[in-house]
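Engineer: For reference, the sequence and a predicted model appear below.
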Amino acid sequence: MINWHRLFGLTLTDFFANSPFTVEVEKDLSWKRQLLDVVIIRKNEGDIKEELPDGLENLAEHNLLTYKSMREPFDDWVLKELTGHYVNYRKQVGHSMDDLLPEEKFRLYGVSTRFPQKLSSQIRLEPFSSGVYDIIRGTDSIRLIVLSEIPRKKENAIWHLFSGIAEDVEFAASYYREHNSEMSTIICQLFKTYKLEGFDMPYTMEDFQRDFVMDNLDILSPDEVLKRYSPDERLRGISPDERLRGLSPKEIKEYLERIQN
């Protein structure tokens, strides 16, 4: 098989010989580790039981997300990176270079904490819904989700956790329902990160931990709950009548005689 790419590169090498330029053929670009923030992949058929947060209504089989926090700009370079990640990813999941998965099986998403003012002056951001925009880049369509503009709704709680708006984070911590126990640790770490960034959160880590315990008490059996407290702590606030309830007169009499001796 003729390697047209190699021949093309070697020809350019010859052309630029004895010039200020040098040509590198078949350059390996994998030396620097490239990390895509998130890939959401459909593994099975069926519907999602929960309502999707705003902006993810059009999920495909492979969904590539790049994320920028409140201190990071979402600019044209980010879009270029995302497109590059998409090209590499599509090559990897395809059967071969001659049998790539169809483009409609992929979606590209940008998630930005704040609205990208500079980018909006350079390219058109087509509004889709509040806080959600579509960007047409060549033949690619990129969905942009601006977390600080997303409406305050229960289904958007996951977005509000990263919105950088104290009231929205408080709302999210109250309404987001974890699917595994490790998530409480993650949210606590998120609160610590906000604190390090200088954000004064009205809803504290202690508030979250207390609410988490109250929301998940039904996971523990009564015995598991009670063994966390001493006998004195268990009886605190219970009236004498309630303490003696269930005991027979004989048992009460025997107890009184025992403590008097």
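Structural biologist: Alright, I've got the coordinates.
Engineer: Surely Leu64 forms part of a helix?
Structural biologist: No - going by DSSP: H, G, I helix; E, B strand; the rest coil, the assignment for Leu64 is strand, not a helix.
Engineer: Scan the helices and strands of the chain for the one with the lowest mean pLDDT.
Structural biologist: When the helices and strands of the chain are scored by mean pLDDT, DSSP states H and E, helix 205-215 comes last with a mean of 51.
Engineer: sec struct for the closest residue to Val23 other than its chain neighbours, please.
Structural biologist: Nearest in space to Val23, with sequence neighbours left out and distances taken as C-beta to C-beta, 6 or more residues apart in numbering, is Thr13 at 4.3 Å. (C-beta placed from N, C-alpha, C; glycine too.) Using three-state DSSP, the structure places Thr13 in helix.
Engineer: Look at Thr13 and say how many residues are nearby.
Structural biologist: 14 (other C-beta atoms under 10 Å).
Engineer: and what of Trp31?
Structural biologist: 6.
Engineer: Work out for me the element it sits within.
Structural biologist: Under DSSP states H and E, no helix or strand contains Trp31.
Engineer: so what pLDDT did the residue nearest to Val23 get?
Structural biologist: If you check Thr13, the pLDDT there is 85.
Engineer: swap in Leu10?
Structural biologist: pLDDT, Leu10: 80.
Engineer: That one: neighbouring residues, count only.
Structural biologist: Considering only other C-beta under 10 Å, Leu10 is surrounded by 14 other residues.
Engineer: same check, this time on Leu125
Structural biologist: Leu125: 18 neighbours (other C-beta under 10 Å).
Engineer: which residue packs closest to it, ignoring adjacent ones?
Structural biologist: Tyr133 (4.1 Å).
Engineer: Quick one: distance of the helix or strand that neighbour falls within to the chain centre.
Structural biologist: Using DSSP H and E, the secondary-structure element containing Tyr133 is strand 132-137. Strand 132-137 sits 21 Å away from the centroid of its parent chain (C-alpha atoms, centre = their mean, to the nearest Å).
Engineer: Following the chain onward from that strand, which element is next?
Structural biologist: In N-to-C order, the element after strand 132-137 by DSSP H and E is strand 140-146.
Engineer: Figure out the length between the terminal residues of stretch 130-147.
Structural biologist: Taking C-alpha to C-alpha, to the nearest Å, stretch 130-147 runs 10 Å from one end to the other.
Engineer: hmm, back to that, can you tell me how far the residue nearest to Val23 is from Ser69?
Structural biologist: 43 Å (C-beta to C-beta, to the nearest Å).
Engineer: so where do the helices sit in the stretch 51-200 of the chain?
Structural biologist: Ranges of helices in the stretch 51-200 of the chain, per DSSP state H, counting those that start in this stretch, are 76-93, 117-122, 157-160, 166-175, 182-196.
Engineer: Buried deepest among the ones you listed, which one?
Structural biologist: Ranked by mean neighbour count, the helices of the stretch 51-200 of the chain are led by helix 157-160 with a mean of 22 (mean count of other C-beta atoms under 10 Å).
Engineer: tell me the mean pLDDT for the strand holding Tyr133?
Structural biologist: 96.
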